[in-house]
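1. turn this into a structure:
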Amino acid sequence: MISAYRHFFTKPRRRSLYVAFLILALSLIFQYYAGVYSSHVATQYVGDLLLDHLPVVNLNLIIVEGALWAILFSAILVLAKPRYIIFTLKTVAVFLALRAVFVAVTHLGIYPGQIVPGPGPFDSLYVALGLQTGYFFSAHTGLPFLMSLIFWKEKLWRFIYLAASAIFGISVLLAHVHYSIDVLAAPFMTYSIFKLAEYLFREDYVLIASDIGLKDVMPGKGHG
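-> Model prediction:
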């Protein structure tokens, strides 16, 4: 594994990797302050056609622990595939940064009965990472969908991440953690972000394309 990393990460790729870590770190900082700002200026809640009729179900086991395990699993999966690392880091960074913009300009209040994280260590880590703040759009739904797009040519991972996106989306609705528009809009927003990243980081995406046997990847045509 170490020799494979050394062979793959040439000097130009190492520079690109450092840039990826930098913009990811900046996006995490941006996300944190956007969440803090949004929580301070939040107004009243609004009615929601789905939430008004759905029972409130405590699904923190999925929303909190499940999200943390999904992040850890995804990190291990990407680390095991060096060609995916740079593009994934940069794309996730763009996702977090653009979502932070929407969070900062969307000031809806908490929907009544929302299930909040408990006092456990996983819950504390979940809150510390800023995963509790912000509504539009749902990261629980969007990030797994983003991973399915990145691993689209690998059917097993594509379907696993699509299933995870659906499970998380349903869970946050039943727990009243997100408004329905947050969940319904997430796939569309995420797809747009992915195409933007594919265009901005073409050379990094081509590394993935070469790994899955694609010889000529043009922006907007990566998935047929």
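
2. tell me which residues in the helix or strand where A163 lies are buried?
-> Using DSSP states H and E, A163 sits within helix 155-174. Under the neighbour-count criterion of 16 or more other CB atoms under 10 Å, helix 155-174 has 157-158, 160-162, 164-165, 167-174 buried. Every residue, glycine included, has its C-beta placed from N, CA and C.

3. repeat that for stretch 128-141.
-> The neighbour-count check on stretch 128-141 (16+ other CB under 10 Å) flags G130, L131, Q132, T133, G134, Y135, F136, F137, S138, A139, H140, T141 as buried.

4. name the SS class of the second one, please.
-> State at L131, reduced to three classes by DSSP: H, G, I helix; E, B strand; the rest coil: coil.

5. so it sits against S124, correct?
-> No: between L131 and S124 there is no contact, the gap being 11.3 Å when judged by CB atoms under 8 Å.

6. what about the longest helix in this structure?
-> Assignment by DSSP state H gives helix 11-41 as the longest helix of the chain.

7. what is that helix packed up against?
-> helix 82-105, helix 202-211 (3 or more CB pairs under 8 Å, 6 or more residues apart in numbering; DSSP states H and E).

8. any idea how far the longest one is from the chain center?
-> In this view, helix 82-105 has its centroid 7 Å away from the chain centroid, taken as CA atoms, centre = their mean, to the nearest Å.

9. what about it, average pLDDT?
-> The average pLDDT within helix 82-105 is 95.

10. per-residue confidence averaged over the helix or strand that contains S192?
-> Using DSSP H and E, S192 sits in helix 180-200. Throughout helix 180-200, pLDDT has a mean value of 96.

11. mind listing what's buried in that helix?
-> So helix 180-200, judged by 16+ other CB under 10 Å, has buried residues 180-187, 189-190, 193-194, 197-198.

12. what stretches of this structure score poorly on pLDDT?
-> Scanning the chain for pLDDT under 70 picks out 1, 210-224.

13. which residues does the residue nearest to the spatial centre of the chain contact?
-> Nearest to the mean C-alpha position of the chain, counting by CA atoms, centre = their mean, stands L143 at 2.5 Å. The contact partners of L143, taken as CB atoms under 8 Å, 6 or more residues apart in numbering, are A70, V92, F95, T190.

14. and if you look at Y135?
-> Taking CB under 8 Å, 6+ apart, one finds V103, T106, L108, H178, Y179, D182 in contact with Y135.

15. just flag the most distant two among the residues you listed.
-> Farthest pair in the contacts of Y135 (CB to CB) is V103 and Y179. Separation: 12.8 Å.

16. can you list residues touching both of these two?
-> By CB under 8 Å, 6+ apart, the residues touching both V103 and Y179 are Y135, F136.
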